[in-house]
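Asks: Here is a sequence together with a model predicted from it:
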Amino acid sequence: MTAPEIHPELQYILDAAPSRPLLGHKTLAEFRATGLSVDPKPHFPNALPPIRHQIDGQSGPVDVYEFRPSHAPNASAALLWCHGGGYVTGHGNDAWFGALFAEAAGVRVFSVDYRLAPEHPFPAARDDCWDALLFLASESASLGIAPSRIAIGGASAGGGLAAGLAIHNRDQNGPKLAFQLLLYPMLDHTHDTASGHMNVPRWPRANSMQAWEMYHADTPPHPTSAPAMAKNLTGLPPAFLSIGTADLFLDEVRQYAAHLDTAGVVQSLKTYSGVFHAAEMQGYETEIGGCMTRDYISALATALSSTAR
């Protein structure tokens, strides 16, 4: 497998990264314990602590963590956020992205603590996120949210969840969504592309294929679990997609953006040279990492400020 070129500003992240086991059923506990996390406090010292909402989901209670802008805690624009972690790790208390979007985009972030595979394979995560979306829509008045200013988004597996949720929401005649923010989304369970066979850092093919196996278990892949399968993308909300050239998902994200465009969905795709999976989180202060982050913050803020208040 070919190895992609890494942006020189970001090489230090890989050089300093601790070793992490390949994902597997026997290594799952260790893999979860060594997950990526970034402390938002140095960058967003005024960030407010999250509020935990517990909602009644179709399969039991679901926790949703609300991050509010410190400068506008009652903002009426909302982002339903699906955290990353390959569908097998991560937590709804996603402090980095919660603080980032609240403080920099001025929106209220509702991050879903969805159930994880392999203990809870598909459609558990999708259903939890769907329940959270229905909660935002049905309780918008009591929450102080404008129904026309609700976006969905996620990073990595969370981006795949958000893309699948947009399809599911359309098919179920759910609430109208203003926008979908898909950051290096995990869309294709086959990764049968040129980039899907690259020797990439941070999230290699072996991990991703194992994560998909855990997520699907005995359930056949579905367009709302692996959105690259979807044949009909019409009627979806406008989308912003972001991906680096050193990312396993590069080609599938490009293809999904093209399919959205063909379906008449307004979309914008930004590609960043030498950026590997989720590198902009730890590389927030680098020029390339900052550029990537500012682009998707701007896309979200612009989309939600242009909708009716």
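Replies: Great, that's in hand. Residues are numbered from 1 along each chain as shown.
Asks: going forward, measure contacts and count neighbours with C-alpha atoms only.
Replies: Noted.
Asks: Sheet partners, orientation included, of the longest strand along the chain?
Replies: Longest strand in the chain by number of residues, with DSSP state E as the criterion: strand 267-276. Using DSSP bridges, the strands paired with strand 267-276 in its sheet are strand 239-246 (parallel).
Asks: sorry, back to before: let me know the average pLDDT across the longest strand of the chain.
Replies: For strand 267-276, mean pLDDT rounds to 98.
Asks: Need the residues that contact it.
Replies: 4-8, 10, 200-202, 238-247, 254, 257, 260-261, 288, 292 (C-alpha atoms under 8 Å, 6 or more residues apart in numbering).
Asks: Using PDB, list the CA coordinates for whichever helix in the chain runs longest.
Replies: Longest helix in the chain, counting residues (DSSP state H): helix 287-305. The C-alpha trace of helix 287-305 is given here as PDB (Å, rounded to 0.1, in the frame of the first residue of the first chain):
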ATOM      1  CA  GLU A 287      -1.800  27.000   9.700                       C
ATOM      2  CA  ILE A 288      -3.300  24.000   7.900                       C
ATOM      3  CA  GLY A 289      -5.200  22.800  10.900                       C
ATOM      4  CA  GLY A 290      -6.500  26.300  11.700                       C
ATOM      5  CA  CYS A 291      -7.600  26.700   8.100                       C
ATOM      6  CA  MET A 292      -9.500  23.500   8.000                       C
ATOM      7  CA  THR A 293     -11.200  24.300  11.300                       C
ATOM      8  CA  ARG A 294     -12.100  27.900  10.300                       C
ATOM      9  CA  ASP A 295     -13.600  26.600   7.100                       C
ATOM     10  CA  TYR A 296     -16.100  24.300   8.700                       C
ATOM     11  CA  ILE A 297     -16.900  26.700  11.500                       C
ATOM     12  CA  SER A 298     -17.700  29.300   8.900                       C
ATOM     13  CA  ALA A 299     -19.800  26.900   6.900                       C
ATOM     14  CA  LEU A 300     -21.900  26.000   9.900                       C
ATOM     15  CA  ALA A 301     -22.300  29.600  11.200                       C
ATOM     16  CA  THR A 302     -23.200  30.900   7.700                       C
ATOM     17  CA  ALA A 303     -25.700  28.100   7.100                       C
ATOM     18  CA  LEU A 304     -27.500  28.700  10.400                       C
ATOM     19  CA  SER A 305     -27.400  32.500  10.200                       C
END
